[in-house]
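Chemist: What would the 3D arrangement of this be:
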Amino acid sequence: DRPLRKPADVARFVGRKIDVRMRRPDESGRRHFTGMLRGMEAGVATLDVEGRAVALELEGMERARLVPDL
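Modeler: Residues are numbered from 1 along each chain as shown. Sure thing, here's the model as predicted:
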């Protein structure tokens, strides 16, 4: 449940599951994403969400948190 605030925070947790809420919805109207963090490059985080890659800009994130391992 650790908040991710800086690009370095996000880059450090590649391979972990995160929960992201965006300020604005994407083309499909979706604002909430939960998935495996696959990478971080040039201010864009790539998540594997429901079997597809989703690129999310860090500047557009309202909040991002690690999902605790249970």
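Chemist: any idea which helix or strand carries the most centrally placed residue in the chain?
Modeler: Nearest to the geometric centre of the chain sits Val20, at 4.8 Å (C-alpha atoms, centre = their mean). Assigned by DSSP states H and E, Val20 belongs to strand 17-22.
Chemist: which other residues reach that strand?
Modeler: The contact list for strand 17-22, computed with C-beta atoms under 8 Å, 6 or more residues apart in numbering, reads 4, 10, 31-37, 45, 47, 56, 60-67, 69. Every residue, glycine included, has its C-beta placed from N, CA and C.
Chemist: Make a ChimeraX selection of the buried ones in those residues.
Modeler: Selection of buried members from the contacts of strand 17-22 for ChimeraX, criterion 16 or more other C-beta atoms under 10 Å:
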select :4,10,33,35,37,45,47,56,61,64,66
